[in-house]
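In: predicted model, plus sequence, below.
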Amino acid sequence: MKQRVMKVLMVATAAVVIGWFGFAKGEGSVVSAETGAVSAQPYTVTVAAKGSVMVEPDVAYLSLAVESRGAKASDAQKANADKFAGVEKTLYEKFGIDKKDVKTTGFDVQPEYNYTEKDGRVLKGYVATHSIQVTYRKLPEIGKLFDALTASGANRLDGVQFSTEKKDQYELEALKKAMDNAGAKAGVLATSAKRELKGVVNIVQGDVVSSPILYATAAQAKLSVMSDSGGASSSVQSGQIEISTQVTVQYEMK
């Protein structure tokens, strides 16, 4: 009887040891069932949307230059300095433009040549050029400024670029429109899939674009200069600026 009891105990002990050994090695159907459970992934929808606002420009950047010629480089440079003094007087005294709003963008003195079949390249003289950019905010008077600068010695008007100094404010408005458009798109997609939007999971903002910031040469800007006796000043139409941005939004659905 004692021998039979001992055999039963030995068999039971062996079974327990084998079971624990299998658990330690990751074997056994019970262990596999517990560790194999995977949480359900949420349903999501991702959309891209654009928002934009059309705004009136509030600042203009005028590019202009004074060109002067002389037989010698020093002659061209002196003549240029005399003319540019008149331009500065117009900018600072007549129109009251702050000096920080006028910056030099280029200054050089270059030789100028004539070309003939007989003599080839012949030195004609020298050309001095002083280029500046003027920041101007009184846009209704920009035509008068063009005329005054031309009369005072600015003999090259390279163009005008219209922009806005309120880009941050307009960017927020464009972002709001972009998010509204994204929500509308996602709502349509969710309804089509017979689901409902639950909330925003992720947002990525794209670049902010000012398009177009009008850049124009004198002709492209519709600059029409009348004669002094005509009485009319130059006319420049700035148009509007589009401030736009894009967002990519991911929504969770239920």
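Out: That came through fine. Please read these numbers as outputs of a predicted model, since none were measured by experiment.

In: quick one, helices of the stretch 151-254 of the chain?
Out: Secondary structure of the stretch 151-254 of the chain (DSSP state H, counting those that start in this stretch): helices at 167-192.

In: any stretches of it with poor pLDDT?
Out: Low-confidence regions of the stretch 151-254 of the chain, defined here as pLDDT under 70, cover residues 211-235.

In: which strands and helices sit next to the helix or strand where residue 129 lies?
Out: Under the assignment given by DSSP states H and E, the secondary-structure element containing residue 129 is strand 120-136. Contact here means 3 or more CB pairs under 8 Å, 6 or more residues apart in numbering; DSSP states H and E; on that basis strand 120-136 packs against strand 59-70, helix 73-89, strand 102-116, helix 142-152, strand 156-163. For every residue, glycine as well, the C-beta is placed using N, CA and C.

In: save these as CSV, and put in distance to residue 173 too.
Out: CSV is the format used below for those (distance: least, CB to CB, whole Å):
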stretch, distance to residue 173
strand 59-70, 18
helix 73-89, 38
strand 102-116, 30
helix 142-152, 26
strand 156-163, 17
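
In: could those be laid out in JSON lines, adding mean neighbour count?
Out: Listed next are the helices and strands packed on strand 120-136 as JSON lines, based on neighbours: other CB atoms under 10 Å:
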{"stretch": "strand 59-70", "mean neighbour count": "19"}
{"stretch": "helix 73-89", "mean neighbour count": "17"}
{"stretch": "strand 102-116", "mean neighbour count": "12"}
{"stretch": "helix 142-152", "mean neighbour count": "19"}
{"stretch": "strand 156-163", "mean neighbour count": "18"}
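
In: so which of these is nearest residue 48?
Out: Each of those was scored for nearness to residue 48 using CB to CB, and the closest is strand 156-163 (26.9 Å).

In: and the most centrally placed residue in the chain, how far from residue 243?
Out: Among the residues of the chain, residue 209 comes closest to the average C-alpha position under CA atoms, centre = their mean, at 4.2 Å. Counting by CB to CB, to the nearest Å, the gap between residue 209 and residue 243 amounts to 8 Å.

In: sorry, back to before: out of the helices and strands packed on strand 120-136, nearest to residue 41?
Out: Comparing the helices and strands packed on strand 120-136 by their distance to residue 41 (CB to CB), the top pick is strand 156-163, with 46.5 Å.

In: now the angle from that closest one to helix 142-152?
Out: Here strand 156-163 runs at 160 degrees with respect to helix 142-152, directions being taken by axes from the mean of the first three to the mean of the last three CA atoms, to 10 degrees.
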